[in-house]
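Novice: pasted the sequence and its predicted model underneath.
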Amino acid sequence: MKGDTKKGLKVFLGNFSLCRGNFANFIDIQPHLNRWKIMTEPFKSGYASIVGRPNVGKSTLLNRLVAQKVAVTSNRPQTTRNKITGVLHLPGAQIILVDTPGIHQSDRTLNEMMVRASLSTFSDVDLLLVMFSAESGFCPDDEFVLNSMRGVKTKKILVINKIDLVDKSALLSLIDEMNQKSLFEEIIPISALKEDGLDQLKSLILNYLPEGPEYFPKEMVTDCPETFLFGEIIREKILKLTRFEVPHAVAVVVEDIYEQDNGVVQIDATIYAEKDSQKKILIGEKGSMLKNIGRQARQEIEKRLGVKLFLKLFVKVKANWRDQKQSIKEFGYTHDSF
Ligand code: GDP
Ligand code: MG
């Protein structure tokens, strides 16, 4: 199909070049050519999954590419627990990006499920964006990621992120080392955080997407339900405000969203911890921690919704929920859903 299109365009250009001979001095034909190109080239669309070990910047890249925060990010590993879709609308194309949990080794049921969610995208998508961090170079955890994609036929682009943190010679030798693996169609260095190299990355992705329909309407940036996004915003504040094992032991479930008579939107959400000691930390002295989490989350959700919000948070304990399949499912962490 791609070949046909190119041929069609060539024929058109051939005809036009005749005109050009006659009118070149009178009209600038380039804008017309560009417009015609958009009209004649087929719409391209497809799925690209962002995969890699935890903390390399996958979610940051998703947010920057779709120019909106759809995935929460933090400097802690295993922040992302679900597959998160972000839709990038371009002239004549639509890239559907899938952010995934970091691929890592763990015996915990929750972590196994998270990794399974990542692996499940390997053969389902048109393209894999395999992300490494330039800062750490190629490390055993990256090797683990590469091993997990052995035999996977989906085309792969290696995205080397965080180039703002290294000097050029270190980057060049990493690119060289990765080139020798002959695993990737392309290798591209970027800084997701500084938005460096993102236009080039978009162009590269487009080269590997097939002709396809507009899967999502223009105004849609993600297909994650609002209950999930609001829960993630609350969890992000917990990740930022608490330490040690607390961030990892927490799940947030949005129970209800409704409008009060005075127009204020009320969100009821429950924060689950695994131990009483964690619950104590989450509530804080005289409720100060919970107030802080609530205030920060409320401000962000209010900005998003553009309405006044009343956020009601509860804290409960569900012992060892990360090792119980039933609780993991109840909290929305399954390998194929939000
Ligand atoms: P993920 O676990 O792979 O999704 O990683 P995140 O997107 O949550 O990012 C992990 C940490 O790396 C966060 O603190 C980000 O701000 C940081 N980060 C992401 N991309 C870059 C980058 O290009 N440069 C730098 N310096 N930091 C980055
Ligand atoms: Mg992430």
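Specialist: Looks like it came in fine. Ligands and ions are numbered 1, 2, ... in the order given.
Novice: and the closest residue to Lys312 other than its chain neighbours, helix, strand or coil?
Specialist: Distances taken as Cβ to Cβ, 6 or more residues apart in numbering put Asp268 closest to Lys312, at 4.8 Å, once the chain neighbours are dropped. Placement of C-beta: from N, CA and C, glycine included. With DSSP: H, G, I helix; E, B strand; the rest coil as the basis, Asp268 sits in strand.
Novice: if I look at Asp268, how far off is Phe230?
Specialist: Using Cβ to Cβ, to the nearest Å, we find Asp268 at a distance of 11 Å from Phe230.
Novice: find the residues that touch each one of these two.
Specialist: Listed as contacting both Asp268 and Phe230 by Cβ atoms under 8 Å, 6 or more residues apart in numbering are Val254, Ile257.
Novice: the two: who's more crowded?
Specialist: The neighbour count for Asp268 versus Phe230, taken as other Cβ atoms under 10 Å, is higher for Phe230 (22 against 15).
Novice: identify the residues contacting the helix or strand that contains the more buried one?
Specialist: Using DSSP states H and E, Phe230 falls within helix 226-241. The contact list for helix 226-241 (Cβ under 8 Å, 6+ apart) reads 70-74, 76, 79, 82, 222, 246-247, 250-254, 257, 267, 269, 271, 282, 289, 292-293, 296-297, 300-301, 311, 313, 332, 338.
Novice: which of these are close to ligand 1?
Specialist: For ligand 1, the contacts drawn from these by Cβ under 6 Å from any ligand atom are Thr73, Ser74, Thr79.
Novice: tell me the one of the residues you listed nearest ligand 1?
Specialist: Thr73 (3.4 Å; Cβ to the nearest ligand atom).
Novice: the closest one against Ser59, yeah?
Specialist: Yes. Applying Cβ atoms under 8 Å as the test, Thr73 and Ser59 come out as touching, 4.6 Å apart.
Novice: looking at these two, which is more packed in?
Specialist: Each of Thr73 and Ser59 has its neighbours counted (other Cβ under 10 Å); Ser59 has more, 25 against 21.
Novice: need the contact list for that one.
Specialist: Ala71, Val72, Thr73, Thr79, Thr80, Ile84, Asp99.
Novice: likewise for Leu146?
Specialist: If you count contacts by Cβ under 8 Å, 6+ apart, Leu146 has them with Val130, Lys181, Leu183.
Novice: tell me the pLDDT at the closest residue to the second one other than its chain neighbours?
Specialist: If I follow you right, that is Lys181. Ranked by Cβ to Cβ, 6+ apart and with sequence neighbours excluded, the top spatial neighbour of Lys181 is Leu146, at 7.7 Å. With respect to pLDDT, Leu146 scores 98.
Novice: from the contacts of Ser59, which is closest to ligand 1?
Specialist: Lowest distance from ligand 1 to the contacts of Ser59 (Cβ to the nearest ligand atom) belongs to Thr73, with 3.4 Å.
Novice: I'm done for today, thanks for sticking with me.
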